[in-house]
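**Student:** Sequence first, predicted model second:
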Amino acid sequence: MRSFSLNETLKTGPPKGGTAMVEFLVTCIRRDVRSGTHVGVTHLGGPEWLWSKDDVVGAIDAGEHAFYMMASGRRVEIAVVPGALSRYVRCRADQGWTDDLLALPQCADG
């Protein structure tokens, strides 16, 4: 896996058509306050980056990026889930789907 600087990845995105994948640690989310579920997550972020949920879903589906978070000292993968109205993101652990993503703090305003 090729290593990319954070600034290079944020500005240009992953290499198109290549086999390299960039992994991002998610440390915060933004969500629609009217929804207490995963469907209401609108953005995912980390140190120095914030992406819309749709961009994250597209990057995961295309195999360009992987997203994960840390919960109770363990790595938890973030995956795409088909919903009734749209696709959304949720954490997946060994035992199945988890609500770990919803426990993250709100991302600061840019």
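**Tutor:** Okay, I see it.

**Student:** Mind listing what's buried along the helix or strand harbouring Glu77?
**Tutor:** Using DSSP states H and E, Glu77 sits within strand 74-82. Judged by neighbour count (16 or more other CB atoms under 10 Å), strand 74-82 contains these buried residues: Val76, Ile78, Val80. Backbone N, C-alpha and C define where each C-beta goes, glycine included.

**Student:** Give me the nearest residue to the first one, chain neighbours excluded.
**Tutor:** In this case it means Val76. Closest residue to Val76 apart from its sequence neighbours, by CB to CB, 6 or more residues apart in numbering: Cys91 at 4.6 Å.

**Student:** Specify the beta-bridge partners of that neighbour.
**Tutor:** Cys91 has these beta-bridge partners by DSSP bridges: Ile78, Thr98.

**Student:** So for the chain, the centremost residue is which one?
**Tutor:** Nearest to the centroid of the C-alpha atoms of the chain, with distances taken as CA atoms, centre = their mean, sits Phe67, at 4.5 Å.

**Student:** now that residue: how far from Val33?
**Tutor:** Note on Phe67: its distance to Val33, by CB to CB, to the nearest Å, is 23 Å.

**Student:** This completes my enquiry, with thanks.
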